[in-house]
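Visitor: Return atomic coordinates for the entry below.
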Amino acid sequence: MTKNQWRYLTVLLWVLALALAGWALWQLPLRDIGVSVSRLRWRDWLLWISINVVILYLAVKRWQILGWALSSPLWLSDLFRLRQAGSAVSFITPGPHFGGEPLQLYWLKQRFNIPLHKSVAMLGMDRFVEMGSNFAVLLAGVLVLLGTALLPAGEWLQISLALILMLTGMLLAAAVVIRHPQWLADRFRPLAQRWRQARNGDEPDLPADQQAQSKGEQAQSTSGGWSAMVTLLRSALSDQRPKLWTALILSLLGWAMLLLELFVLLRMLGIQPEIQDLIMIMVGMRLAMLLPVPGGIGTIEASLLWSFSLLGLPVAAAGMLIALIRLRDAVVLIIGLLCLGSLGGRRQAKA
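Guide: Model (predicted):
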């Protein structure tokens, strides 16, 4: 896909997202929502902010522990800036989960002097743990909802099957990378060479033998970096298992804090949610965030309206919850943009 095609796709997705968000907001009593939000007490705001600080801390601490396991130590404050800056980029690109990773790799290598193979391993393992735990917890939530009458069992089974396939695909990909790296490298080498040629073009001014030598050196460098990354991952899996388990536990604790945040928000809005209500609303939001829409704009709003209607909860409460969630997203986005600006300075020292 060319740059122009990617740009047109991004614009189209933003237009669709804003249209869907506008439709969702059109269904809501906006004046009543504003009045209700203004009545929240300062203690409610303080508790909510504290929960979000813990959520951000757990995510960054997980990344730091994985960095320790991969011999790439960094200060927590530096990783916070990297994570939030990347998240800000991901928010404005199609899909709220991905988009900022290339910049994070660049910053890890150029700003913090982490070798490329360690940067790829560090970022890749963090994303693997995050996405794997996300799919696993979502699958557990869907399986819990199978025992309820909220939706036909067939629809929940289809969602369960899709999540199982995603988890299985991730595990198979990880197994191939760790156990059969050379086979994978051989399959992707022609693609990498074509990409390099498309980006840099051939070297017509050089003799044929020098062109062949240059390509050979590039292939050797790529192969060496790939081998170093696989060796690093294997070493971490065999020698750093306590750190890896700790990272996984922190990821699950982050999910527990997300459920606590939803519970607190609903209580702030005067709703006494049951556990299946929490799971239903959370699963709906998280599934909506898997769609390729920037920031989940429109899809999250639609999922909340759908969930509240299905559960028989007040639509006005859904509107207030949307307002609070988007207020949080705006604050986090501003923090991410500030972090993005701060990464233009000089190189940082390792921890």
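
Visitor: contacts and neighbour counts: CA atoms only from here.
Guide: Fine.

Visitor: Report the secondary structure state of Asn113.
Guide: Per DSSP: H, G, I helix; E, B strand; the rest coil, the local secondary structure of Asn113 is coil.

Visitor: Can you give me the neighbour number for it?
Guide: Neighbour count for Asn113, taken as other CA atoms under 10 Å: 16.

Visitor: Backbone dihedrals for it, please?
Guide: Its backbone dihedrals place Asn113 at phi 60, psi 40, with angles given as degrees, to the nearest 10.

Visitor: Can you give me the buried ones in the host helix or strand of Leu171?
Guide: Leu171 belongs to helix 153-179 when elements are defined using DSSP states H and E. Of all the residues in helix 153-179, those buried under the rule 16 or more other CA atoms under 10 Å are Trp156, Ile159, Ser160, Leu163, Met166, Leu167, Val177, Ile178.

Visitor: Without its sequence neighbours, what residue ends up closest to the second one?
Guide: Spatial nearest neighbour of Ile159, chain neighbours left out: Val142 (7.5 Å); criterion: CA to CA, 6 or more residues apart in numbering.

Visitor: Surely that neighbour is in contact with Trp156?
Guide: Yes - with contact defined as CA atoms under 8 Å, Val142 and Trp156 form a contacting pair (6.4 Å).

Visitor: ranges for the strands of the stretch 251-351 of the chain?
Guide: If DSSP state E, counting those that start in this stretch is used as the criterion, the stretch 251-351 of the chain turns out to lack strands entirely.

Visitor: Check which residues of stretch 249-261 are buried.
Guide: Applying a neighbour-count criterion of 16+ other CA under 10 Å, the buried positions in stretch 249-261 are Ile249, Leu250, Ser251, Leu252, Leu253, Gly254, Trp255, Met257, Leu258, Leu259, Glu261.

Visitor: What is the distance between it and the centre of its chain?
Guide: In this view, stretch 249-261 has its centroid 15 Å away from the chain centroid, taken as CA atoms, centre = their mean, to the nearest Å.

Visitor: Would you mind writing the CA trace of that stretch as PDB?
Guide: Output in PDB follows, covering the C-alpha atoms of stretch 249-261 (Å, rounded to 0.1, in the frame of the first residue of the first chain):
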ATOM      1  CA  ILE A 249       1.100 -11.000  36.700                       C
ATOM      2  CA  LEU A 250       1.400  -7.200  36.300                       C
ATOM      3  CA  SER A 251      -0.500  -7.400  33.000                       C
ATOM      4  CA  LEU A 252      -3.400  -9.300  34.800                       C
ATOM      5  CA  LEU A 253      -3.300  -6.800  37.600                       C
ATOM      6  CA  GLY A 254      -3.800  -4.100  35.100                       C
ATOM      7  CA  TRP A 255      -6.900  -5.800  33.900                       C
ATOM      8  CA  ALA A 256      -8.100  -6.100  37.500                       C
ATOM      9  CA  MET A 257      -7.600  -2.300  37.800                       C
ATOM     10  CA  LEU A 258      -9.500  -1.700  34.600                       C
ATOM     11  CA  LEU A 259     -12.500  -3.600  36.000                       C
ATOM     12  CA  LEU A 260     -12.200  -1.700  39.300                       C
ATOM     13  CA  GLU A 261     -12.200   1.600  37.400                       C
END
